[in-house]
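>>> predicted model and sequence follow; I will ask about them next.
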Amino acid sequence: MKGSDDSCIIWMMFDLFKQMGERATKSQKFTKQDILMLGIVDSNQKYKIEKSQCYIGYKLLWIMKMYLEGRQFPFGSLPQEQWKKNVIKIAKYVAMSKFTSELLEFDASAFLDVI
């Protein structure tokens, strides 16, 4: 399901999200609360949080939200044609049960807010 357009980053982030979940030990599990603390933790702890499945999951949802709103990652507006392609690509991802079930399990409320 990989593509050559900008929405390909969504699939790459999803793959990374799954890999981080498979590799994580109990001591490497972080929560949404930990992410909110990024501004006040030391750089070593910040680095660990930014490599967590939780951080990657929220980053993935943020990128999807940007694309659906017609914004480009990391900044700027998408041309109308590219926006349409990204919306179609995201719809295809969401139609895939593995993609949807993983993100619903991760944070159903945030995922549904995005889509």
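Yep, that arrived.

>>> residue for residue, what is the longest helix this protein has?
helix 97-114 (DSSP state H).

>>> which secondary element of this structure has the worst mean pLDDT?
helix 32-36 (a mean of 66; mean pLDDT, DSSP states H and E).

>>> how far away is the nearest residue to Ile56 once chain neighbours are set aside from Leu60?
Leaving out its chain neighbours, the residue that sits closest to Ile56 by C-beta to C-beta, 6 or more residues apart in numbering is Phe17, at 4.7 Å. C-betas here are computed from N, CA, C, even on glycine. Phe17 sits 6 Å away from Leu60, going by C-beta to C-beta, to the nearest Å.

>>> what does Asp15 give?
Relative to Leu60, and taking C-beta to C-beta, Asp15 is found at 10 Å.

>>> run the chain-centre distance for stretch 107-115.
11 Å (C-alpha atoms, centre = their mean, to the nearest Å).

>>> show me what counts as buried in it.
By 16 or more other C-beta atoms under 10 Å, the buried positions in stretch 107-115 come out as 107, 110-111, 114.

>>> could you export those residues as a markdown table, including distance to Arg71 and pLDDT?
Below are these laid out as a markdown table (distance: C-beta to C-beta, whole Å; pLDDT from 0 to 100):
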| residue | distance to Arg71 | pLDDT |
| --- | --- | --- |
| Asp107 | 21 | 92 |
| Ala110 | 18 | 94 |
| Phe111 | 19 | 96 |
| Val114 | 13 | 94 |
